[in-house]
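Student: Okay, here's the prediction I keep looking at, along with the sequence it came from:
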Amino acid sequence: FDAVSPVVDATLMPADAEAAQGVIADVFRGSPYLARVIEVLENALRFEDPEYLCLLAAPRADAAPEGLVLFGTILGARLATKVHAVVSADPRVQLALVDAVRETCVRSRERLVICELPHDRPFDVAAVALAARGFHEEGRVEDLVREGVALRLLVWRPAAEGGPA
């Protein structure tokens, strides 16, 4: 990636499955989270449930993805979105992906965007990217994921930054 932001392409297609799985494996290989993130990607690839959407990021429109974000609406909640995972080894890519989710949520007039993530090594870069883009920790449950690993609830409210109320 050069100084220009990565291209975030909202057109995840079944043909992207192998490359997207590779991105996830690169970040989560050897962790207890790999299977769950792959499962969320598979849900997004079915194109049946608005809770599971995926955006890909690449250095150019014609290049293989180097990051992805899994997110979607929270069924039963009014104008609320959940970020399931922000995945890339490159912090610049993660920032671009969080920006794309924020832009999508502003356009759809979301009032709340949440991300529940373990306070664990594979999520460190994502936590920094989310915090850099206005997500704040509003809750934490110690030892929920497993002994010594808390679950963090990060929240971004567009209205707090002059977005839709």
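Tutor: Here it is on my side, so go on. Predicted model only: the values in this text are computed from it and were never measured.

Student: Show residues contacting the strand of greatest length in the chain.
Tutor: Secondary structure of the chain per DSSP state E: the longest strand is strand 136-146. Residues outside strand 136-146 that contact it (C-beta atoms under 8 Å, 6 or more residues apart in numbering): 32, 118-120, 149-156. To be clear about C-beta, it is placed using only N, CA and C from the backbone, and glycine gets the same treatment.

Student: Tell me the helix or strand right after it.
Tutor: As assigned by DSSP states H and E, the chain's next helix or strand after strand 136-146 is strand 149-156.

Student: Quickly run through the sheet partners of that following strand, with directions.
Tutor: According to DSSP bridges, strand 149-156 forms sheet pairs with strand 112-118 (antiparallel), strand 136-146 (antiparallel).

Student: Pull the residues that contact that strand.
Tutor: 102, 105, 112-120, 127, 130-131, 133-145.

Student: Mind giving me the ChimeraX command for buried ones among those residues?
Tutor: Of these, the buried ones go into a single ChimeraX selection, burial set by 16 or more other C-beta atoms under 10 Å:
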select :102,105,112,113,114,115,116,117,118,119,120,127,130,133,134,135,145
